[in-house]
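>>> Need a 3D model of the sequence below.
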Amino acid sequence: MFVGNVQKNPPSSLCVSSNVISTVKCFKLLGINISGGLRWDAHVDALCAKVASRLYFLKILKRSGLSSNYLFCFL
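Here you go, the predicted structure:
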């Protein structure tokens with residue numbers, strides 16, 4: 001990933017031991033999604049998806065009749 005404004009002067013491809021390194025637009029490092037433009041959009045989207053998934057899981061457990069004490073174990 002190239003970080004910063006490289007659109008005016010795009011760098012050539014990087015090679016290590018004659019292997020071309022592919023570029024990515026976003027990657028995860030220490031739990032934080034980092035994008036090339038250093039914006040929080042990718043990280044916030046990933047967190048929202050994770051929260052929505054867990055809320056759906058808790059909703060299904062609540063509908064099945066699980067008590068509130070047990071629901072706290074799944075957070």
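>>> make it CA atoms for all contacts and neighbour counts henceforth
OK.
>>> separation between the most far-flung residue of the chain relative to its centre and Ala52?
Within the chain, the residue lying farthest from the chain centre (CA atoms, centre = their mean) is Gly65, at 32.5 Å. According to CA to CA, to the nearest Å, Gly65 and Ala52 sit 20 Å apart.
>>> Now do the contacts for the nearest residue to Leu61 once chain neighbours are set aside.
Leaving aside its chain neighbours, Leu61 sits nearest to Leu71 (7.4 Å; criterion: CA to CA, 6 or more residues apart in numbering). Residues near Leu71 by CA atoms under 8 Å, 6 or more residues apart in numbering: 58, 61-62.
>>> and what of Leu58?
Applying CA under 8 Å, 6+ apart, the residues contacting Leu58 are 71, 74.
>>> Spell out the secondary structure type for it.
Following DSSP: H, G, I helix; E, B strand; the rest coil, we place Leu58 in the helix state.
>>> secondary structure element for Ala46?
Under the criterion DSSP states H and E, the helix or strand holding Ala46 is helix 41-63.
>>> An error on my part: the question was meant for Val20.
Per DSSP H and E: strand 19-21 holds Val20.
>>> circling back: quick one: mean pLDDT for the helix or strand harbouring the residue nearest to Leu61?
Using DSSP H and E, Leu71 sits within helix 68-71. Rounded to a whole number, the mean pLDDT of helix 68-71 is 82.
>>> Could you do stretch 26-35 as well?
On average, stretch 26-35 scores 89.
>>> Next: stretch 41-54.
Stretch 41-54 comes out at a mean pLDDT of 93.
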